[in-house]
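Engineer: got a predicted model here, sequence first, then my questions.
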Amino acid sequence: MSGPGVTTTARPRSSIWTSRSLIWNFAQRELKSRFKGTTLGWAWSLVVPLATLFTYSLVFAVIFRVAPPDFGNGLPGFFPVWLFSGLIPWAFFLITVNTAIPTLLANGPILQKVYFPSYAPIVGSAGAILAQTLIEFGILALALIAFGNVGLTWLLFPAWLVIYATFVTSVAISLAIMNVYFRDLVHLVNVGLQLLFFLTPIIYLTASVPAEWYGVPLRAIVSLNPIALFVESLRALSYDLQIPLLSTWVGILAWTLGAVAISAFVYRRWGLDIGESV
Amino acid sequence: MTDLAIAAEHVSKRFWLHRERRTGLKERVVRGRAPTAQEFWALRDASFSIERGSTFGLLGQNGSGKSTTLKVLAGIYRPTSGRVVVNGRVSALLELGAGFHGELTGRENIRLNGAILGLSGRQIDAAMDSIVDFAGIGEFIDSPVKIYSSGMFVRLGFAVAVSLDPEILMVDEVIAVGDEEFQRKCFDHLFELRKRGTTVVLVTHSLGLIRDLCDQAAWLDNGEVRELGAARDVADRYIASVNEREAHAQHVGGGTGPSDETPMRLGSGEVRITSLEYLDGEGNHSPVLLAGAACTIRMHFEARSPISRAVFGLGFHHESGANVAGPNSGRVGPYSLERGSGYVDFAVDELPFQQGSFQVSTAIVERGHTYDYANREFDLHVRGQGDEEPGLTRMPGTWRPPVSVPSSEAGTPAAREALHVEQ
């Protein structure tokens, strides 16, 4: 850690914008290397989520008989489509975080030999995963169109996506940098993600959560968790065809600003000396 | 004021040494913050400046802070205190091919590595053909780099790095690996960049390179700048100090005498070599000899009975295993020895060895009979004087100025004929 009064111009001034070429290349590396050598190649990026979708639909719609809400256009709901609209944003968060955490350690050899901002590979791989997520969103859109469930609220989707991608990338940057110094983090995060999945109304409706459970305000916890806010707002504008509540927008913006502030702090405090710590 | 490319002012760099890395959460909670961490100053209050267009050498022993300095200048490490100012686009060559991804093809890796080194997509596109050309690995350029030989890997890495055309180039000598041809290519390129006015910072152990390539140099010792100035002067003072240190170490180590109980001694034993002494050109005792300088190798012996026809021999074995030389006194005739001790000198006008460590064998024989044979019992250290050439030995010879025949004449059959006749 550098003390006060240190000036170094040995590092070129960098920002996400000036590093765009580098970030773009890291994104391409992620995309190209991910399915290289496999027979199905890129198809895997669709097979995996669709298989998850099928499994969850089977378990929760058939066995547990979770009833999906009706479509925004009044048609009776169809569970796989409803589930898919929640599963896509969750998977984006899950895969981005899981990919980011070991990224800096894996890039250790370069970080010790060349200086570049340590967030670049993380932003790059998040971008690559976002590209795959967009294809899934495309499939969701086709399914919704097939049910005739289209509305003007879809126009809010780009805004939602920008906010969510910023949130997810910021969380990924913080966790990846912290993991260099606290290597238990990767395991801790694994446990945390499992808990978070079930605390997020992806396979169930928020309304079915008991308001209080042994004195724990369970529904409040579920509805305040950031992923839940993002999932609910996406479902509102895509499936329910309703503009998300103002309080929801405030909630996701607050979480995102918080995540950006934390990642900026973590980067300034720890992310600048990665080269000597990996 | 001169135009500076790099200025380092009172730069220090501290590392924390953990006896065992305490990065686990449990350890932090259970045992608290690592109390065993010790601070280690890899660099202490180093100040120097490098003029634009000059070549600057960093020398010093292993662990003296050379690489840390380079990494601070390259921005990989931040100084703990002090100030570094760098004016110009920097490319650091600390390792070739760092950051190559095995699954990607050579071409894809060129794009990625170029971006890491700070090139824009357009610059990489513009340089792509020349990089592929320079690497010279043919159609492999479109295969994943995991199937490359290590040589191809380094070639590609170097090709990318030099294509950046930096204003300031930082080079760690370790990049000069690979075959002879590739090394030459590397250093040719360094000379070329220097000619073009690129500022070069070079970390090296080779005093020859410092003298030939560098204008200024800094000698680092335990993280501190010990000498700063003209490259030749710094290199001279450095080698003097290293020789002195080595001499001291040899003295403390007990000199070059053999232990009497060496089981490896062969021969009947009427006369034995007791020790080997090295004398420099002035006849002073010297634990190391200088390459190319006059010296004397003095063989001390002890005879238990008179010997009538003794021949002394020496054998020099280079650390690489090669038997380099084996002079003996047979040509000047056998010597007769009295009972008692004495010595025989082998005087050398110009020690023909290059810098290195040698083992020395000694022998005393008489027409097929061996009195004493000590197999590689003695050590000899030869120090360079900064004018090393490749190989084990120095080849004596004289270079004559080139004789050229102007090409218009050389082209005519008559001129070629004339040349032939002369040869």
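Structural biologist: Perfect, I can see it now.
Engineer: so which bits of the stretch 51-200 of chain A are right by chain B?
Structural biologist: Contacts of the stretch 51-200 of chain A with chain B, taken as Cβ under 8 Å from any Cβ of the partner chain, map to A:107, A:109-116, A:181-185, A:188. All C-beta atoms are positioned from the backbone trio N, CA, C, and that covers glycine.
Engineer: quick one: which of those residues is nearest A:Gly72?
Structural biologist: Of all those, A:Leu188 has the smallest distance to A:Gly72: 38.9 Å, by Cβ to Cβ.
Engineer: secondary structure element holding B:Arg298?
Structural biologist: If you go by DSSP states H and E, B:Arg298 is part of strand B:295-303.
Engineer: what is that strand packed up against?
Structural biologist: Here strand B:295-303 touches strand B:271-280, strand B:307-318, strand B:340-348, going by 3 or more Cβ pairs under 8 Å, 6 or more residues apart in numbering or on different chains; DSSP states H and E.
Engineer: tell me which residues of it are tucked away?
Structural biologist: Using 16 or more other Cβ atoms under 10 Å in any protein chain shown as the test for burial, strand B:295-303 gives B:295-299, B:301, B:303.
Engineer: hang on, the earlier thing: show me the residues of the stretch 51-200 of chain A next to chain B that map onto helices.
Structural biologist: In helices, defined here by DSSP state H, the members of these are A:109-111, A:181, A:185, A:188.
Engineer: please pick the buried ones from the residues you listed.
Structural biologist: Taking 16+ other Cβ under 10 Å as the criterion, what is buried in those is A:110-111, A:185.
Engineer: and these as TSV, adding pLDDT and distance to A:Glu30?
Structural biologist: Output for those, formatted as TSV (pLDDT from 0 to 100; distance: Cβ to Cβ, whole Å):
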residue	pLDDT	distance to A:Glu30
A:Ile110	82	15
A:Leu111	85	17
A:Leu185	91	21
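Engineer: how many neighbours does the residue of the stretch 151-278 of chain A found nearest chain B have?
Structural biologist: The nearest approach of the stretch 151-278 of chain A to chain B comes at A:Asp184, 3.9 Å away (Cβ to the nearest Cβ). The number of residues packed near A:Asp184 is 15, by other Cβ atoms under 10 Å in any protein chain shown.
Engineer: swap in the one 5 residues further on?
Structural biologist: By the other Cβ under 10 Å criterion, the neighbourhood of A:Val189 contains 19 residues.
Engineer: what do you get for the one 10 residues further on?
Structural biologist: Close neighbours of A:Leu199, defined as other Cβ under 10 Å, add up to 17.
Engineer: what's the answer for B:Gly292, then?
Structural biologist: For B:Gly292, the neighbour count with other Cβ under 10 Å is 20.
Engineer: kindly report the same for A:Trp44.
Structural biologist: A:Trp44 sits with 14 neighbouring residues when counted by other Cβ under 10 Å.
Engineer: ok, now the one 5 residues further on?
Structural biologist: Counted by other Cβ under 10 Å, the residues lying close to A:Pro49 total 20.
Engineer: what does the one 3 residues further on give?
Structural biologist: Applying the criterion other Cβ under 10 Å, we find 15 residues in the vicinity of A:Thr52.
Engineer: and it, what does it touch?
Structural biologist: For A:Thr52, the contact set (Cβ atoms under 8 Å, 6 or more residues apart in numbering or on different chains) comprises A:87, A:91.
Engineer: go on, A:Tyr115?
Structural biologist: So A:Tyr115 contacts A:10-11, A:275, B:74-76, B:92 (Cβ under 8 Å, 6+ apart).
Engineer: recalculate using a threshold of 7 Å.
Structural biologist: Shown in contact with A:Tyr115 (Cβ atoms under 7 Å, 6 or more residues apart in numbering or on different chains): A:11, A:275, B:74-76.
Engineer: same thing with B:Asn109?
Structural biologist: Shown in contact with B:Asn109 (Cβ under 7 Å, 6+ apart): B:100-101, B:145.
Engineer: now do B:Tyr371
Structural biologist: Counted by Cβ under 7 Å, 6+ apart, B:Tyr371 has contacts B:267-271, B:307, B:310, B:364-365.
Engineer: tell me which element A:Leu31 falls in.
Structural biologist: A:Leu31 belongs to helix A:20-34, assigned by DSSP H and E.
Engineer: which residues sit against that helix?
Structural biologist: By Cβ under 7 Å, 6+ apart, the list of residues contacting helix A:20-34 from outside reads A:116, A:120-121, A:123-125, A:127-128, A:131, B:101, B:103-104, B:108, B:111-112, B:115-116, B:120-121.
Engineer: per-residue confidence at B:Gly313?
Structural biologist: Predicted confidence (pLDDT) for B:Gly313: 92.
Engineer: is it bridged to anything, and to what?
Structural biologist: Beta bridges link B:Gly313 to B:Asn328, B:Ala363, judged by DSSP bridges.
Engineer: and it, how far is that from B:Tyr373?
Structural biologist: Distance from B:Gly313 to B:Tyr373, counting by Cβ to Cβ, to the nearest Å: 9 Å.
Engineer: now for these two: what residues contact both?
Structural biologist: B:Ala363.
Engineer: excluding covalently adjacent residues, which one is nearest to the residue most central in space within chain A?
Structural biologist: Closest residue to the average C-alpha location of chain A: A:Phe93 at 2.2 Å, with Cα atoms, centre = their mean. Distances taken as Cβ to Cβ, 6 or more residues apart in numbering or on different chains put A:Val168 closest to A:Phe93, at 5.2 Å, once the chain neighbours are dropped.
Engineer: which SS state does that neighbour fall under?
Structural biologist: In three-state terms, and counting by DSSP: H, G, I helix; E, B strand; the rest coil, A:Val168 is helix.
Engineer: dump the residue contacts of it.
Structural biologist: Counting by Cβ under 7 Å, 6+ apart, A:Val168 touches A:92-93, A:96, A:126.
Engineer: switch the residues you listed over to a markdown table; also include secondary structure and pLDDT.
Structural biologist: As requested, the contacts of A:Val168 are exported to a markdown table (DSSP: H, G, I helix; E, B strand; the rest coil; pLDDT from 0 to 100):
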| residue | secondary structure | pLDDT |
| --- | --- | --- |
| A:Phe92 | helix | 96 |
| A:Phe93 | helix | 97 |
| A:Thr96 | helix | 96 |
| A:Ala126 | helix | 96 |
